[in-house]
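>>> structural data only, the sequence is not supplied:
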C-alpha cells in the first residue's frame, strides 16, 4: 500500500526553524515528483515547494524562496522541507504529495500525506 507520512511539525516561535519529513512507504520515490503544500485556517491549499527526483529540479513560491529548502534522501526514501525564519503567516497544516514523473510545480498529485500542523507563535 502506497503511503506518505509527514512529521516534524509543531509549535515554534517567530524566527525559528523546523524540518518537515515526508516518508514514503510501499513504493520508492525514484522518478516521482514531490510537492509540499500547506493550508492555513480559512484559506485554500497552496503549493509552496516541489522537487523532481528525476531531474533534481526544485521550485518555490515567493513566500518560501530564500527561507525554505526542499531535499530528497534516496536511502531513506524521504523528502524534507527545511523551514527557516518562520513567521506567524506560515502557520498551517503542511502536506506532501506525489505524482509520477511530473514537472514542477506539482499539479494534480496522485497521493497525499495526512498532513502535519505547523504553528508559529510567540
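The structure has been received and is ready for your questions. Owing to the predicted nature of the structure, the values given are computational and were not obtained by experimental measurement.

>>> could you tell me how far stretch 74-88 lies from the centre of the chain?
7 Å (Cα atoms, centre = their mean, to the nearest Å).

>>> may I have the beta-bridge partners of the residue nearest the centre of the chain?
Centroid-nearest residue in the chain: residue 36, 2.8 Å away (criterion: Cα atoms, centre = their mean). In this entry, residue 36 is beta-bridged to residue 49, residue 96, by DSSP bridges.

>>> next, the contact list for it, please.
Applying Cβ atoms under 8 Å, 6 or more residues apart in numbering to residue 36 gives the contacts 20, 22, 47-50, 68, 70, 79, 81, 94-96. Bear in mind the C-beta positions are built from the backbone N, C-alpha and C, glycine included.

>>> assign residue 27 to helix, strand or coil.
coil (DSSP: H, G, I helix; E, B strand; the rest coil).

>>> for the closest residue to it other than its chain neighbours, what are phi and psi?
Spatial nearest neighbour of residue 27, chain neighbours left out: residue 2 (4.9 Å); criterion: Cβ to Cβ, 6 or more residues apart in numbering. Per-residue torsions, residue 2: phi -80, psi 130 (degrees, to the nearest 10).
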